[in-house]
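Enquirer: got a sequence here, can you build the structure:
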Amino acid sequence: MILEQYYIECLSHASYLIGDEQSGTAIVVDPRRDVDGYLEDAKRYGLKIVGVVNTHFHADFVSGHLELRNATDAWIGFGEAADTEYPIARLAHGEHISLGEIDIEILATPGHTWESISLLIRESAGATPTAVLTGDSLFIGDVGRPDLANLGNGTNTELAQAMYRTIHDVLLSLPDSVLVMPAHGAGSSCGKNMSDQLTSTIGEQRRTNPSVAPMSEATFVEMITEGQPSVPSYFAADVALNKSVRALLDPERHVPELSFADLRAELSSGTAVLDARSVEDFAAGHLSGSVNVGFDGRFAETAGMVSDIGDRIVLITYPGEEQESAKRLARIGSDAVIGYVNSRAAGTIPAELSDLVQTAPRTTTPELAQLLADDAVTLVDIRNPGEREFGTIPGALPIPLAQLRSRIDELPADHPVIVHCAGGWRSSVAASLLRAHGRSRVSDLVGGYNAWLDA
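Expert: Next up is the predicted model:
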């Protein structure tokens, strides 16, 4: 049996290729949109991809089921409750998919969404299960959140109650030896306390995962409905894309380099500019109105918080990172990157654009302490609710980064504002976003809450 995991750090997303070498057949589970890796590995193993299964309608990325169907003529499978614009196989609880000797049993595991399923894998029919692909139901160290999508049926409480039954009646009933292989890892907004481990076992999760410990249903519901990360605005758009017949990703797509004249024209027409350089280089000099979303962090997800799917976007990147940056945006459905401009030596903006360049003010911990003592600044904490449980800076206004665009009017227009996160990466995103929306007296805290705590 072939069971390959494909993991991308930028979205904390795991997908899988399951194949039977004897029959030469395979399926792909929860694929990303750039599908070349699955196709190449299938060819290497001598496999034909005959099916694509999504464990649920993903909210944080655009799934590659349509791309794989186009490349292989594979069928597309979802849980029974799914409703799509394209033909699907509706996979019911207890149904089996055969790949030669390999047996894959469908488990209905609602709770994250109503249509959520897991795939229980046996090397042969009747054998002890080897692994379970749990989608966003059971994570390593956590369970899926119940508030992202419910297909218009039920409340978050009802989904949380369904998750309780999924965990205790379905998944924890499996043998302790069964490998747990979820669709996401640490950092994903689809849960709050995920481990950075990529696989585990049912037994290990039974012993170590606080979200699946013995507890009442009411306690469980309260635990998983509180403290979840704020939902990025693009999530709703991606759920809709994953239900729809949409444009396919072009595997030969190449984003062009823009001339300086073309860039100036785009800026004049209001095209968004995402600067993918480091916080330090951005602060030293950037194009006025650009937003700093560093390529070295959660680039795609964060870009989806500060721009809309469909927005025309120009990228400012270090040489060699422009095509991968555009690909990461395409993974969340943001296909309208119309070009890029590279920074030059030491990360500087080209001299030909010097009249458009400005610096970004930053604030140190001692400076912030004095400003707060003088009541001379509005401090904004852009961390997620779960992060703030471990401590806050007194007087900080909590507005998670994912909500900042929609809550700008809550901030004073005529008073200095300082934003902070945990370590200083997201705060540069937030401060640049506010300045791009006309708030000129905005700075961010160097080192974030961690620096404040250390001081």
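Enquirer: okay, and for the chain, where does confidence drop off?
Expert: 149-155 (pLDDT under 70).
Enquirer: now with 50, please.
Expert: Per-residue confidence for the chain (pLDDT under 50) gives these ranges: 150-153.
Enquirer: quick check: closest non-adjacent residue to residue 402.
Expert: The spatially closest residue to residue 402, leaving aside those adjacent along the chain, is residue 230, at 3.8 Å (CB to CB, 6 or more residues apart in numbering). Bear in mind the C-beta positions are built from the backbone N, C-alpha and C, glycine included.
Enquirer: can you count the residues close to that neighbour?
Expert: Residue 230 is surrounded by 17 other residues when neighbours are defined as other CB atoms under 10 Å.
Enquirer: same deal with the one 3 residues further on?
Expert: One way to gauge burial is a neighbour count; for residue 233, by other CB under 10 Å, it gives 17.
Enquirer: separation between it and residue 308?
Expert: As defined by CB to CB, to the nearest Å, residue 233 lies at a distance of 7 Å from residue 308.
Enquirer: re earlier: I'd guessed the residue nearest to residue 402 sits against residue 404; true?
Expert: No - in this structure, residue 230 sits apart from residue 404 without contact. The criterion is CB atoms under 8 Å, and the distance is 9.3 Å.
Enquirer: three-state assignment of residue 422?
Expert: Residue 422 carries the three-state label coil when classified by DSSP: H, G, I helix; E, B strand; the rest coil.
Enquirer: residues contacting it?
Expert: Going by CB atoms under 8 Å, 6 or more residues apart in numbering, residue 422 touches 383, 387, 448, 449, 450.
Enquirer: for it, give its distance to residue 127.
Expert: With the distance defined as CB to CB, residue 422 ends up 46 Å from residue 127.
Enquirer: again, but for residue 120
Expert: Where residue 127 is concerned, residue 120 sits at a distance of 11 Å (CB to CB).
Enquirer: same deal with residue 80?
Expert: If you go by CB to CB, the gap between residue 80 and residue 127 works out to 26 Å.
Enquirer: state the distance from the residue in the chain sticking out farthest from the centre to residue 367.
Expert: The outermost residue of the chain relative to its centre, with distances by CA atoms, centre = their mean, is residue 374 at 39.3 Å. Here the distance between residue 374 and residue 367 works out to 11 Å (CB to CB).
Enquirer: returning to what we had before: among the contacts of residue 422, which ones are in helices?
Expert: Assigned to helices by DSSP state H, the following of those qualify: 387, 448, 449, 450.
Enquirer: filter the residues you listed down to the buried ones.
Expert: Buried by 16 or more other CB atoms under 10 Å: 387, 448, 449, out of the ones in helices among the contacts of residue 422.
Enquirer: next up, the contacts around the last one.
Expert: For residue 449, the contacting residues are 381, 383, 387, 391, 392, 393, 420, 421, 422, 423, taking CB under 8 Å, 6+ apart as the criterion.
Enquirer: and what of the second one?
Expert: Residues counted as contacts of residue 448 (CB under 8 Å, 6+ apart) are 420, 421, 422, 423, 424, 426, 427.
Enquirer: same check on the first one?
Expert: Residue 387 makes contact with 422, 449 under the criterion CB under 8 Å, 6+ apart.
Enquirer: domains for the protein, by residue range?
Expert: In the assignment given by automatic domain parsing, the structural domains of the chain cover 2-243, 260-358, 362-454.
Enquirer: kindly check the end-to-end length of the shortest one for me.
Expert: Translated: domain 362-454. When the termini of domain 362-454 are compared using CA to CA, to the nearest Å, they are 18 Å apart.
Enquirer: can you check the longest one too?
Expert: By CA to CA, the extent of domain 2-243 from end to end equals 29 Å.
Enquirer: returning to what we had before: out of residue 120 and residue 127, which sits in the more crowded spot?
Expert: Under the criterion of other CB under 10 Å, the comparison of residue 120 against residue 127 puts residue 120 first, with 21 against 12.
Enquirer: got the contact list for the more buried one?
Expert: Listed by CB under 8 Å, 6+ apart, the contact set of residue 120 reads 104, 105, 106, 107, 129, 131, 132, 174, 178.
Enquirer: from those residues, which two are the most distant?
Expert: Pairwise distances across the contacts of residue 120 (CB to CB) peak at 15.3 Å, for the pair 106 and 178.
Enquirer: with that, I have no additional questions.
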